[in-house]
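J.: This is a predicted model, with the sequence first.
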Amino acid sequence: MHNAHNQLTALKPFTTPMSTSTAYAERFPNLTDKTFFSRLPETQQTFLREQAKQYRFSHQQLRQLAEIALDLNLWESGDITTIWPGPDALTGQGKARAQQLLQHITARWEQLRETPNRYPRSGSKTRISAAAIPVEKTKGKLGLGYCPVASPKTRCCNLLTLDAVDNCGYGCSYCSIQSFYDGKEISFDRDFARKLEALEIDPDKIYHIGTGQSSDSLMWGNSHGVLDALLDFARRHPNVILEFKTKSANVKHLLENDLPANVICTWSLNTPTLIENEEHGTAPLHKRIAAARAIADKGGIVGFHFHPMVHYDAWKEDYRAVIQTLTSQFHPDEVALVSLGTLTYIKPVMREIRERGVATQILKMPLVDAEGKYSYPDDIKLDMFSHAYHSFPAAWKENVFYYLCMENQRFWEPVFGFSYGSNTEFEQAMKSAYLKKIRARGD
Ligand code: SF4
């Protein structure tokens with residue numbers, strides 16, 4: 001089983017013997033840039049320095065303690081002093097004593113990490129949005145890419161991507177997009193429309209292209225003419241299924257303009273508690289649903305992504321409630337897809353989440369190896385996906401395309417009762433289901 005400590009094993013331990021306790025104190029500034037030590041409040045830094053003098057921690061041990069201290073702060077689970085064992089709890093001497101202390105702290109940290117997360121109920125949290133800086137640039141050649149999070153180890157839909165905008169202006173605590181780009185700059189290509197016009201599309205092929213993989217598709221509206229260019233592109237290429245994906249409610253431009261039938265507008269949905277606490281700056285659930293309703297009322301096809309589903313104490317009731325709202329407001333004929341997925345991390349993203357220093361419980365979870373990345377253990381995933389799928393009425397299951405995004409094929413059969421033999425088979429089934437909806441809408 002992975003734990004965040006494993007990341008630290010690759011770091012060079014600090015091996016120089018310490019001659020005096022002052023030497024320890026002098027060494028600590030060296031920790032500041034490369035560890036989480038500098039992210040701790042002054043009182044905790046002082047506390048750890050004092051303890052380090054007493055226990056003569058190695059550099060490696062101090063790094064581990066700083067990481068645990070930072071996690072507790074981010075999780076808002078008390079601070080490291082509250083789990084620090086009293087001297088009577090330790091029996092060893094010298095190095096063994098320091099080791100024993102570390103084991104004690106680590107065991108407590110792991111125990112907390114495995115305890116279901118508890119969020120304050122809606123309305124009690126300050127919403128923090130990322131300080132996004134939109135800029136216009138001249139970029140290189142525009143081309144179609146592959147979904148950046150697809151992996152040969154997961155059953156994937158072979159989604160193609162078009163980067164209309166780079167980076168996202170929202171501040172979702174779990175997001176990996178921000179780790180692909182430097183800083184908070186959101187960049188628009190000043191030649192996007194012209195380049196999109198020149199993009200070669202084979203008229204004999206069916207394409208499924210998403211614009212929400214490296215940014216939010218709708219949060220900027222038609223800023224820099226992006227949506228006009230994309231809508232034109234969809235009109236010119238009826239063999240392209242163009243998928244917008246958003247956590248915004250910004251559908252004004254789409255409502256005011258002709259919406260081609262081959263554009264599918266999709267919303268990432270989550271529970272109000274999750275949105276409030278972990279999807280900073282995004283539209284609240286009711287506004288996302290209202291925006292989707294407005295698009296469906298205009299005759300547009302919509303879709304919903306439950307991604308990432310997050311495990312916390314009230315997850316079951318909360319996700320069921322979202323699904324009930326959804327199924328009461330939409331007819332399955334209006335909906336092309338429902339996808340399910342959960343938190344999956346790569347190490348740089350985990351590091352970045354900690355570095356941001358924003359209170360979050362998003363890494364407070366049992367993390368296990370998942371096809372080379374880190375995610376929940378299988379039983380939790382199965383429980384969440386099955387619960388969500390079974391919360392949908394039969395009419396939806398018959399008429400809407402359901403899939404697992406970014407998950408290994410072993411989950412499909414137990415969750416849906418069916419699976420695809422290959423990514424190509426999955427891709428084809430998805431495209432034909434979407435085309436059926438598009439043609440029905442075009443009629
Ligand atoms: S299933 Fe999800 S992760 Fe895989 S290619 Fe499709 S959108 Fe990307």
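T.: In hand now; what should we look at?

J.: how about low-confidence regions in the protein?
T.: 1-35, 121-132, 178-183, 442-443 (pLDDT under 70).

J.: The ligand contacts on that one?
T.: Residues of the chain lying near the ligand by C-beta under 6 Å from any ligand atom: 147, 149-150, 156-159, 405-406. In this view, the C-beta of every residue, glycine as well, is placed from N, C-alpha and C.

J.: and with 8 Å instead?
T.: Within the chain, the positions adjacent to the ligand are 146-151, 154-159, 210, 213, 339, 341, 403-407, 426 by C-beta under 8 Å from any ligand atom.

J.: hang on, Met365 packs against His311?
T.: Yes - with contact defined as C-beta atoms under 8 Å, Met365 counts as touching His311 (6.6 Å).

J.: that older thread, just the buried subset of the residues of the chain next to the ligand, please.
T.: Of the members of these, the ones counted as buried by neighbours, 16 or more other C-beta atoms under 10 Å, are 147, 149-150, 154-157, 159, 210, 213, 339, 341, 403-407, 426.

J.: picking up where we left off before, between Met365 and His311, which contacts overlap?
T.: Common neighbours of Met365 and His311, counting by C-beta atoms under 8 Å, 6 or more residues apart in numbering, are 117, 376.

J.: what element comes up after the helix or strand harbouring Leu72 heading to the C-terminus?
T.: Per DSSP states H and E, Leu72 falls inside helix 59-75. Sequence order places helix 94-114 as the next helix or strand after helix 59-75, per DSSP H and E.

J.: Against which helices or strands is that following helix packed?
T.: Here helix 94-114 touches helix 42-55, helix 59-75, going by 3 or more C-beta pairs under 8 Å, 6 or more residues apart in numbering; DSSP states H and E.

J.: ranking the ones you listed by burial, who's on top?
T.: Greatest average neighbour count among the helices and strands packed on helix 94-114 goes to helix 59-75 (a mean of 22), per mean count of other C-beta atoms under 10 Å.

J.: correct me, but Asp189 touches Leu162?
T.: No - taking contacts as C-beta under 8 Å, Asp189 lies outside contact range of Leu162: 11.1 Å.

J.: joint contacts of those two?
T.: Leu142.

J.: so how far does stretch 207-226 reach from one end to the other?
T.: Stretch 207-226 has an end-to-end distance of 20 Å (C-alpha to C-alpha, to the nearest Å).

J.: Helices of the stretch 201-350 of the chain, start to end?
T.: For the stretch 201-350 of the chain, the helices defined by DSSP state H, counting those that start in this stretch occupy 226-236, 252-256, 272-278, 285-297, 315-329, 347-356.

J.: just checking, what packs against the shortest one?
T.: Read it as helix 252-256. Contact analysis of helix 252-256 by 3+ C-beta pairs under 8 Å, 6+ apart lists helix 285-297 as its packing neighbours.

J.: The helix it packs on - contacts with which helices or strands?
T.: Secondary elements touching helix 285-297 (3+ C-beta pairs under 8 Å, 6+ apart): helix 252-256, strand 263-268, strand 301-309, helix 315-329.

J.: Can you tell me which of these is most buried?
T.: With neighbours taken as mean count of other C-beta under 10 Å, those reach their highest mean count in strand 263-268, at a mean of 24.

J.: Show residues contacting that one.
T.: Applying C-beta under 8 Å, 6+ apart, the contact partners of strand 263-268 are 212, 218, 230-231, 234, 241-247, 251, 254, 288-289, 291-292, 295, 300-305, 307, 336-337, 434, 437-438.

J.: What's the PyMOL syntax to select whichever of those residues are buried?
T.: Buried residues among the contacts of strand 263-268 (16+ other C-beta under 10 Å), as a PyMOL selection:
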select buried, resi 212+218+230+231+234+241+242+243+244+245+246+247+251+254+288+289+291+292+295+300+301+302+303+304+305+307+336+337+434+437+438
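
J.: ok, Lys364 touching Leu72?
T.: No - when contacts are counted by C-beta under 8 Å, Lys364 is not listed as touching Leu72 (9.5 Å).

J.: Overlap of the contact sets of those two?
T.: Contact criterion C-beta under 8 Å, 6+ apart; residues shared by Lys364 and Leu72: Leu112.

J.: The helix holding Leu72 to helix 94-114, inter-axis angle?
T.: Angle between the axes of helix 59-75 and helix 94-114 is 30 degrees (criterion: axes from the mean of the first three to the mean of the last three C-alpha atoms, to 10 degrees).

J.: quick check: angle from helix 59-75 to helix 347-356?
T.: Using the same axes, to 10 degrees: helix 59-75 against helix 347-356 is 70 degrees.

J.: With just CA atoms, put helix 59-75 into CSV.
T.: Output of helix 59-75 as CSV, limited to C-alpha atoms (Å, rounded to 0.1, in the frame of the first residue of the first chain):
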residue,chain,number,x,y,z
HIS,A,59,16.9,15.2,8.1
GLN,A,60,14.7,12.4,6.7
GLN,A,61,12.7,12.0,9.9
LEU,A,62,12.2,15.8,10.1
ARG,A,63,11.0,15.9,6.6
GLN,A,64,8.5,13.1,7.4
LEU,A,65,7.3,15.0,10.5
ALA,A,66,6.9,18.2,8.5
GLU,A,67,4.9,16.5,5.9
ILE,A,68,2.6,15.0,8.5
ALA,A,69,2.3,18.3,10.3
LEU,A,70,1.3,20.0,7.0
ASP,A,71,-1.3,17.3,6.2
LEU,A,72,-2.9,17.7,9.6
ASN,A,73,-3.1,21.4,9.0
LEU,A,74,-4.6,21.0,5.5
TRP,A,75,-7.1,18.4,6.8
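
J.: Packing partners of it?
T.: Counting by 3+ C-beta pairs under 8 Å, 6+ apart, helix 59-75 packs on helix 5-8, helix 42-55, helix 94-114, helix 347-356.

J.: Can you say which of those is nearest to Pro414?
T.: Smallest distance to Pro414 across the helices and strands packed on helix 59-75 (C-beta to C-beta): 22.9 Å, for helix 94-114.

J.: in that closest one, what's buried?
T.: Buried residues in helix 94-114, counted by 16+ other C-beta under 10 Å: 97-102, 105-106, 108-110, 112-113.

J.: a strand runs through Tyr402, doesn't it?
T.: Yes - under DSSP: H, G, I helix; E, B strand; the rest coil, Tyr402 sits within a strand.

J.: Quick check: it touching Ser391?
T.: No - using C-beta under 8 Å, Tyr402 is not in contact with Ser391, being 11.9 Å away.

J.: Now the common contact residues for the two.
T.: Counting by C-beta under 8 Å, 6+ apart, nothing touches both Tyr402 and Ser391.

J.: what's in contact with stretch 149-163?
T.: 142, 144-148, 176, 196, 207-211, 213-215, 230, 243, 344, 371-373, 403-409, 412, 419-420, 423-424, 426-427, 430.

J.: any idea how far the ligand is from Thr325?
T.: Here Thr325 is placed at a distance of 24 Å from the ligand (C-beta to the nearest ligand atom, to the nearest Å).
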